[in-house]
Structure formats: C-alpha cells, structure tokens
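# how would this look folded up:
(one chain, ligands or ions: 1)
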Amino acid sequence: MIVYDLLCDRAHRFEAWFGSASDYDDQQARGLLECPLCASKSIGKAVMAPAVPAKSNQKTSSHSLANDDPLARLLQLQRQFEAQSDYVGDRFAQEARAIHESGVARSVHGEASAEEVKSLREDGVPLLPLPFRPRARSDA
Ligand SMILES: [Zn+2]
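Numbers count the residues shown, from 1 in each chain. Predicted structure coming up:
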C-alpha cells in the first residue's frame, strides 16, 4: 500500500491509499479519483512541502530604500529572524536537539560551542550559522 497526498482543483487536500504507484496512475487515467469534499475529478498529487503561513508568502516591499543598503538589509533580515525565532542563549544545543527529536517545527537561535555544533551536525540536526550576533545575549 502507498499513501499519497492529493489535491483537487479547488485546493482541497486529502490522503488516499493505493495498492501501488501504478494503481494511482491507472485510477487517475480512468477518472476514478474524486475529491471527498467537493467531488471534483481534477485531482493531482500534492507537492510535499512544509506548511508556510500565508503571511510570509506576501512579498515584502522589495524596492524599499533599505534594500539598497547591505547593512540595512542585514538589519532587516535580523529583525525578521528574531521575530520568528526564540533566543535560547547557551542552551542552544539542548534546545535544537529537543526540537529535532520532537519533530515540532520551531526556530531557535543562541550560542553553541564548536564541539556542540559538531555533535548536533553528526546527529542530523539542521543548523545554520547566523550572519550576525544575536542582540540579546544570556551573559549580557
Ligand atoms: Zn475538492
């Protein structure tokens, strides 16, 4: 059995089970697939992607003055980032690992030693170095 995330032309998303991948192709070709919500027969496989809040899909004013200045741009980026991410200071390694293990999407930033970073990377925890220092520091 194989499960697919399907999407109708009215953007209803639903799961459907098939005996095999060719089963899906067969049913699709014969027009047997139907949206359980609106009975639409225009069904396709949904693209697998993490849910993105509608707000972040909106284009931020890309022609503002700030964007002409690399420093202002970085600052803007930092503000955006800090609004979406929790500062956890030197508990970063601990928090990042806990989030990774729980599977809950949450963003944190903080300080970690080179050794902690190495160990997190080895455990497959996704990490990014920041192009700036967080403003709030645990030892400030
Ligand atoms: Zn539908």
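
# And this structure, what are its domain boundaries?
Listed by automatic domain parsing, the domain ranges of the chain are 2-45, 64-140.

# got CSV for the ones you listed, with distance to the ion, mean neighbour count and mean pLDDT too?
All C-beta atoms are positioned from the backbone trio N, CA, C, and that covers glycine. As requested, the domains of the chain are exported to CSV (distance: least, Cβ to the ion, whole Å; neighbours: other Cβ atoms under 10 Å; pLDDT from 0 to 100):
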stretch, distance to the ion, mean neighbour count, mean pLDDT
domain 2-45, 3, 13, 92
domain 64-140, 26, 13, 78
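
# so where does Leu120 fall, helix or strand?
helix 114-122 (DSSP states H and E).

# Span of stretch 121-129 from start to end?
12 Å (Cα to Cα, to the nearest Å).

# Give me the contact list for it.
Outside stretch 121-129, the residues that touch it by Cβ atoms under 8 Å, 6 or more residues apart in numbering are Ala96, Arg97, His100, Val117, Leu120.

# Mind telling me the two of those farthest from one another?
For those, the farthest-apart pair by Cβ to Cβ is His100 and Val117; their separation is 13.4 Å.

# what do those two both touch?
Shared contacts of His100 and Val117 (Cβ under 8 Å, 6+ apart): none.

# quick check, nearest of the contacts of stretch 121-129 to Pro36?
Nearest to Pro36 among the contacts of stretch 121-129, with distances taken as Cβ to Cβ, is His100, at 34.1 Å.

# For the closest one, which residues are in contact?
Leu120, Asp123, Gly124, Val125, Pro126.

# Likewise for Ile2?
Trp17, Phe18, Gly19, Ser20, Ala21, Asp23, Tyr24.

# Mind checking which of those residues land in helices?
Ala21, Asp23, Tyr24 (DSSP state H).

# And those, which is closest to Gly110?
For the ones in helices among the contacts of Ile2, the residue nearest Gly110 by Cβ to Cβ is Ala21; the value is 43.1 Å.

# Can you list phi and psi of the closest residue to the closest one other than its chain neighbours for me?
Nearest residue to Ala21, sequence neighbours excluded (Cβ to Cβ, 6 or more residues apart in numbering): Ile2, at 6.0 Å. When read as degrees, to the nearest 10, the backbone of Ile2 gives phi -140, psi 140.
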